[in-house]
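>>> How does the following fold in three dimensions:
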Amino acid sequence: MAIIRKNLVDLQVDQSAAPESNAQKELGLDPVTESAGDNTAESESRTVKVKKPIVKKKADIQKDSEEKVESDISAKVAMAEKDSSGEDIKVVVPRKRLRKKKIDESSPATVASPATVASPATVASPATVNEPAKPLAAVAVAVDSSGSPEKQEVRETKASSEEKPFKSNNNNRRPGGPYNKRKNGKSRREQGRNPRQAVLPTDDQPRLTINDLSLMTMPALRIFAEELELGGDDLITFKKQEVIFSILKAHIELRNGVIFAYGALEILPDGYGFLRSPQNSYLPGGDDIYISPSQIRLFNLKTGDTVYGQIRSPKEGERFFAMLRVVNVNFDDTSVAQTRVSFENLTPLYPTSRLNMETKIPDPSTRMINLFCPIGMGQRGLIVSPPRTGKTVILQKIANAITENHPDVQLIVLLIDERPEEVTDMRRSVQGEVIASTFDEQASRHVQVAEMVLEKARRLVEHKKDVVILLDSITRLARAYNQTVPTSGKILSGGVDSNALHKPKRFFGAARNIEDGGSLTIVATALIETGSRMDEVIFEEFKGTGNMELVLDRRLADKRTFPAINIGKSGTRKEDLLLTSEELNKMWVLRKVLSPMDDLEVTEMIVDKMRKTKNNEAFLKSMNTGQDRN
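Prediction:
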């Protein structure tokens, strides 16, 4: 058996230590005691308790105490050899003395778990003895079979049962405390950090709408600016948008006024959107209104929504006016937009309500349409027209009849690839919204304008509105799509790409009558006899998609017979749902009588009869009178 004694040199024992107990003297144990572990089959370990007596500082401590320590340890080891099975036991004690912490002597420390000594043989438990006095602090040292020590944590306890004082920080302050970040049971996130609520305008505050200023001409804007004392030489050099901006700024600062605006919303891929002005045909411009993503989510806004609200002027570093408070969406309360049904989920039906085309001033063209090819709410109609047959004039008369007889209908006139003078004439003669993209614009601009108009109409139908779109022409719109769509490699006759007609059909196919309310009526012109094979292909593709056709005849136009309507080729599907029973019976009889006649003679006779009567009712009565005479 090899006994290691070198590691115990650093231990010093005070000679004035407390006397040993009687039980220690009987067993011949020094302050280093030995106790047997549990006598079980599972625990085959020896435990050795190393006690450190209290060291009192005295001046007479002798330096030769090291020799006494060695003699005491040798005695303990001898006793351990006597009680064990005779095998060698290695005792490892750390070289460096552990520094004791200051502990109150009145509170004795709890003795830590004793050191464990591995032993292959079971050690018999000695006779029970009185436990020695517990030291103030104990150091537990674990000894493994290989002889490498593992230092354990020094555990100390205090006798007093007083708990440590509660130390609070900013994270555990009680509700209602001086540093509590919650107010009224709500966090900052719930309260909203610095909420910017729009101040409601009062009745005495002057109001100004940007759209009204956009409709004014430059001379009128300069006069209006002079009323606000904005006159000067610089005002003459300003552009229209700069003059409008100066007027709005003076309106806010000098008059303490508020600004309102409306437009069609276009949501960009980044989540925010802009209100496009109808004066600019819903194209991007400098006077667009910014709408934040939070407002879009709050009111369930979509592309094409007509939004009206109060706006604020741009701040430093901003370029656009911003929406401050949304008043209504699609001419309804904002709550309607949050609960509306998507356009794709609406149920389409046949048109059942007729759009009356008779006006106070008798016009044969609208009266003929009202009888021979009636237009209902939700109709999908085509005006098949060769060049120079009066299709634009017929569209103007249809638009004026709708605004006169159906003021609640939202009328939109869409001109694609038309001449600028026709756009001006249409805006001056029609009391509806005219959106145009002239022929000198790019094809991408035609497409963008058409898609914005379609999205706006779909949003209005979702709000159960009746919308009418007069398109001139769908042939040129299909040409624009043919230039903008990616090439698929499949070319039809006339140079039409196979994918180019999908979106024009989607535009034309959006016309429908909705079961629960609302309708979208589209009346588009289709060009024929232009000498272009592409126009013929486009017309053939749209020929069977509509449920109403109004065919104009070039021969009648050459004879200066207007309206140049070919009555024999014109008609409406399911016209029995639009006409009264009396009108339907008389129209059937009239068509039977006119079928053997030439198309030119039929149109000339009908136009002559209608000019002699004030309305269609008188015309039908005159027809009965003629039959009775025969």
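>>> where do the helices sit along the stretch 301-450 of the chain?
Ranges of helices in the stretch 301-450 of the chain, per DSSP state H, counting those that start in this stretch, are 334-338, 364-372, 391-405, 420-429, 443-462.
>>> Packing partners of the last one?
It stands for helix 443-462. For helix 443-462, the elements it packs on are strand 258-267, strand 306-312, strand 410-418, strand 433-438, strand 466-472, helix 474-484, helix 502-509, strand 519-527, judged by 3 or more Cβ pairs under 8 Å, 6 or more residues apart in numbering; DSSP states H and E. The way it works is simple: take the backbone N, C-alpha and C, and place the C-beta from them, glycine included.
>>> so can I have TSV of the ones you listed showing mean pLDDT, distance to Thr613 and mean neighbour count?
Below are those laid out as TSV (pLDDT from 0 to 100; distance: least, Cβ to Cβ, whole Å; neighbours: other Cβ atoms under 10 Å):
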stretch	mean pLDDT	distance to Thr613	mean neighbour count
strand 258-267	92	43	22
strand 306-312	91	41	21
strand 410-418	94	28	23
strand 433-438	93	32	21
strand 466-472	95	27	25
helix 474-484	93	34	23
helix 502-509	92	35	18
strand 519-527	95	26	25
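>>> how about a markdown table for those, with distance to Gly381 added?
Output for the helices and strands packed on helix 443-462, formatted as a markdown table (distance: least, Cβ to Cβ, whole Å):
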| stretch | distance to Gly381 |
| --- | --- |
| strand 258-267 | 24 |
| strand 306-312 | 25 |
| strand 410-418 | 14 |
| strand 433-438 | 19 |
| strand 466-472 | 10 |
| helix 474-484 | 11 |
| helix 502-509 | 10 |
| strand 519-527 | 4 |
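>>> Please name whichever of those is nearest to Thr603.
Nearest to Thr603, of all those, is strand 519-527, at 19.0 Å by Cβ to Cβ.
>>> Within the sheet, what are the partner strands of the closest one, with directions?
Taking DSSP bridges as the criterion, strand 519-527 sits next to strand 380-385 (parallel), strand 466-472 (parallel), strand 512-514 (antiparallel) in its sheet.
>>> Can you name the residues in contact with the helix or strand that that strand is followed by?
Next helix or strand after strand 519-527 toward the C-terminus (DSSP states H and E): helix 533-543. Contacts of helix 533-543 from elsewhere in the structure, counted by Cβ atoms under 8 Å, 6 or more residues apart in numbering, are 382, 384, 474-475, 478-479, 482, 492-496, 501, 504-505, 508, 524, 526-528.
>>> Below-threshold pLDDT in this structure: ranges please.
For the chain, the stretches flagged by pLDDT under 70 are 1-70, 76-204, 231-234, 624-630.
>>> Where do the domain boundaries of it fall?
Domains of the chain are assigned by the TED database as 207-340, 349-623.
>>> just to revisit the earlier point, can you tell me which of the helices of the stretch 301-450 of the chain comes nearest to Leu552?
helix 391-405 (6.2 Å).
>>> got the contact list for the closest one?
Defining contact as Cβ under 8 Å, 6+ apart, one finds that helix 391-405 is touched by 355-360, 363, 365-366, 369, 375, 383, 385, 409, 411, 413, 422, 426, 429-432, 468, 470, 472-473, 523, 525, 550, 552, 562-563.
>>> Run a quick neighbour tally on Met587.
Number of residues near Met587 (other Cβ atoms under 10 Å) recorded here: 17.
>>> you'd agree it is up against Phe372?
Yes: look at Met587 against Phe372 with Cβ atoms under 8 Å: they come within range, at 7.3 Å.
>>> List the contacts of the residue lying closest to Lys302 once chain neighbours are set aside.
Excluding the flanking residues, the one nearest Lys302 by Cβ to Cβ, 6 or more residues apart in numbering is Arg459, at 6.2 Å. By Cβ under 8 Å, 6+ apart, the contact list for Arg459 reads Lys302, Gly304, Asp305, Thr306, Asn330, Phe343.
>>> How about the fourth one: what's its closest non-neighbour residue?
It refers to Thr306. Excluding its sequence neighbours, the residue lying closest to Thr306 (Cβ to Cβ, 6+ apart) is Asn330, at 5.1 Å.
>>> Having no further points to raise, I will conclude here.
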